[in-house]
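Participant: Using only what follows, build the 3D model:
(2 chains)
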Amino acid sequence: MKRTLLRTLLLYLALAAVVIGFLFPPAWMVVTSFKLGRDIVTWPPTFIFKPTLENWYWFYFSAEASAMAPQEGRRILREFLPNSLIVAVVTTALSMAVASLCAYAFARFNFRGKRPLAFAVLGTRMLPPIATVIPLFIFMNSLHLRDTLTGLILSYTALNLPLAIWMLWGFIKEVPPELEEAGLVDGCSRTGALIRILFPVIAPGLAATSVFSFLLAWNDFPIALFLVAHKAKTMPLAALGFYAEEGVYWGPMSVYGILYMVPTILFAVFVQRHIVKGLTLGALK
Amino acid sequence: MGINRRQFLGSLGGVAAGLAMGDPFAESAQGVQQLSALIQKGGAGPPAEIALSMYQERSGMKIVMTPVPWEAQFEKTMVEFIGKSTTFDILSANHGWSGAMYRFFEDLEPYVRKYNVDGRPFPKNAWEAGKWKGRRIGLPFRLGVGALFYYRKDLYEKKKLSVPNTFEELVKNAEALTSPRDNIYGFGSQLGGDPNSFLDLQSWHLPYGGRILKDPDQEELAPFDPHGELMIKILKAWKQMLDRGWMPQGILTWGILDVLTAFQQGLIAQAMMFSPRVTLVEDPSKSKVAGKAGYALLFPKVPAKDSVGPRGDKGDGWNFGINQWIPDERKEAAFKAVQFMVGREAQLAAAIKAANGPSRIDVLEDPQFQKVYPAWKPLRDGLETFHSGVSVPEQPKISKVVSDRIANVLLGREKPEDAVKAAWKEMDGIMKEAKRG
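Facilitator: Residues are numbered from 1 along each chain as shown, chains lettered A, B, ... in the order given. Predicted coordinates:
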């Protein structure tokens, strides 16, 4: 009994250490957002301080970007955040639409060159995204899609597809074809069977894959840095605005960090149940 | 409600076609009544914003400014150039980038002649730093001494110290100023690796006449003796200060901002930093040492017996130039804007309002500027001996080689003599390879 209690206690202590390790950075960011500049950089760090809303206030009421201010906070809320949401959501939707059809073809049909084609698709994923920056830049420039949300969406979709196709291929393979065949016998079209039968069954897989797609588009920095000039700025690019030669604007940057995290947390909460199911789908037979 | 295969595929095709052709988020190309400038976030950016906004008001020409941080500016600019993009009309180049970028900037020499731009108000070396291989890639907008010497005047007075003229004197001062009880270290430098350590090494090397590449064309490596030997002495001085605890141990991860913050917080009593940062040291809302700092050139009077060549002061600066891919009418318009930026009025406003290092002597000597900038005297002197340091296209490779060797020495993995000899050999290889093309 004593041994079990000790083991449980140790287990909880270990878990607490891990949780603290994970939560400390965001928690510190939240605390920093309520500190004055001088309290943020003080050494040793202060845990008791006079809280201020100055950094939050700056986000809502900052005037035109001035020479000495890092950037206009309101622009982040009115332009960068909506841009990022549009890019991430449309990229995810587009990636899922295209990848699910490709994966379906790979999983259900046999055709000449299937394996080489599948590996060619995966091969594009072997390149580090930064290596594609110059060709993408030239390509988008020639299509007049540079500095547009469309250009970003197409670029991210292209980068997302290999992983999404391979992930979904695995999920679709786990579903017996007899399920769709039963639908076809009952008069359903192939597309109908796909939409009414297969997609609901692999919903956890779709959810898990969509998380990866969303995160790539939401977090990408290098491609946006080079493809965007001034019209289609996304949230990761806004981070640059807090880092100037004169110093890091830690206070407003913490507020930005919090705002940046919120949509991903909401999205993760929304699909959490499916993710767990999706990641373990097929693990037990 | 069901859909058949044709409807399903048709809807997908429609979405794809709509995205590709309709391009709902794309906007039309810029008109010629508007110019676009790629500027730096921080540093040279805010002064450029002031100067360009003034031009906008005067000329009625709309100017869209896109700031990017220093860390990404080189790559961003190069991608724009390589992709033959016409998005930006006005771009800036740090002096060290000249060799890599000169092929992409419009040669401004014909414009300088056409519009009678007078080079005399600018320090001669700085005016020349706007040129590379006969092409004028830009006009000097921001100038400064890369390694102005910042010291705690109050502590100097207390310990009866004077501004060091040699490595040895600086090390002695560092020892005297170090006080573990008060949490003060004698010296701080940005030794966190490439390119910072390389920049600081050049800053110590140049005042003694040291050169890595032979002046003026920088096509060959300077002889190891005396230039490499001098570098060995510098590394020994740094290692000594680190081993004795006169520099903080964490300095091997420090960058520009760490040195600034440490000096502002009173953690280090001597430092070297880019001259425009004086304003940030003197800002009481950011600095605990405002009003307590003194400024001088690094090793202002090197004894003749120790010098190995003509004095140089590592200068840093920014030229503003024009994208060669844009149409001619935009080039003309862009040149007028750049010309305004380097004019007296814009330079004075940028220097006073945004701590710009003025590129004009008449602004440096203006009482309004001298009133707000206490280090104007060493800055003025430094611009006479201004040297851009290594500026060839191979500069990033050389910087990496030297920075890595510096790290080896400071971490005790290599002796200074061996590290510098190895660096010299590697740099020789780099320069020979460059010559072979």
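Participant: so what pLDDT did the residue minimising distance to the centre of chain A get?
Facilitator: Note on chain A: the residue nearest the mean C-alpha position is A:Leu215, at 1.0 Å, using Cα atoms, centre = their mean. For A:Leu215, the model assigns a pLDDT of 91.
Participant: next one: the one 10 residues further on
Facilitator: According to the predicted model, the pLDDT of A:Leu225 comes to 90.
Participant: Same check on A:Lys277?
Facilitator: A:Lys277 is given a pLDDT of 64.
Participant: could you pull out the strands for the stretch 151-285 of chain A?
Facilitator: Here the stretch 151-285 of chain A has its strands, by DSSP state E, counting those that start in this stretch, at A:243-244, A:247-248.
Participant: What residues of stretch B:399-417 count as buried?
Facilitator: If you call a residue buried by 16 or more other Cβ atoms under 10 Å in any protein chain shown, then stretch B:399-417 has these buried ones: B:399-410, B:414, B:416. In short, each C-beta sits where N, CA and C put it, glycine included.
Participant: can I get the CA coordinates of that stretch in CSV?
Facilitator: Output in CSV follows, covering the C-alpha atoms of stretch B:399-417 (Å, rounded to 0.1, in the frame of the first residue of the first chain):
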residue,chain,number,x,y,z
SER,B,399,33.1,36.0,-41.6
LYS,B,400,32.2,32.4,-40.9
VAL,B,401,35.7,31.1,-41.0
VAL,B,402,37.0,33.9,-38.6
SER,B,403,34.0,33.7,-36.3
ASP,B,404,34.4,29.9,-35.9
ARG,B,405,38.1,30.2,-35.1
ILE,B,406,37.4,33.0,-32.5
ALA,B,407,34.9,30.7,-30.8
ASN,B,408,37.5,27.9,-30.8
VAL,B,409,40.0,30.1,-29.1
LEU,B,410,37.6,31.5,-26.5
LEU,B,411,36.3,28.0,-25.7
GLY,B,412,39.9,26.8,-25.2
ARG,B,413,39.7,24.4,-28.1
GLU,B,414,42.5,26.0,-30.1
LYS,B,415,45.5,28.2,-29.4
PRO,B,416,45.2,31.7,-30.8
GLU,B,417,48.3,31.2,-33.0
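Participant: contact partners of it?
Facilitator: B:191, B:193-199, B:201, B:212, B:232, B:235-236, B:238-239, B:242, B:252, B:390, B:419-420, B:422-423, B:426-427, B:430 (Cβ atoms under 8 Å, 6 or more residues apart in numbering or on different chains).
Participant: tell me the mean pLDDT for that stretch?
Facilitator: Stretch B:399-417 comes out at a mean pLDDT of 95.
Participant: now stretch B:97-104
Facilitator: The model assigns stretch B:97-104 a mean pLDDT of 90.
Participant: residues in contact with it?
Facilitator: Under Cβ under 8 Å, 6+ apart, the answer for stretch B:97-104 is B:74, B:77-78, B:81, B:93, B:129, B:132-133, B:135, B:137, B:319, B:323-325, B:388, B:391-396.
Participant: If we use 7 Å, what do you get?
Facilitator: B:74, B:77, B:81, B:93, B:132-133, B:135, B:137, B:324, B:391-393, B:395 (Cβ atoms under 7 Å, 6 or more residues apart in numbering or on different chains).
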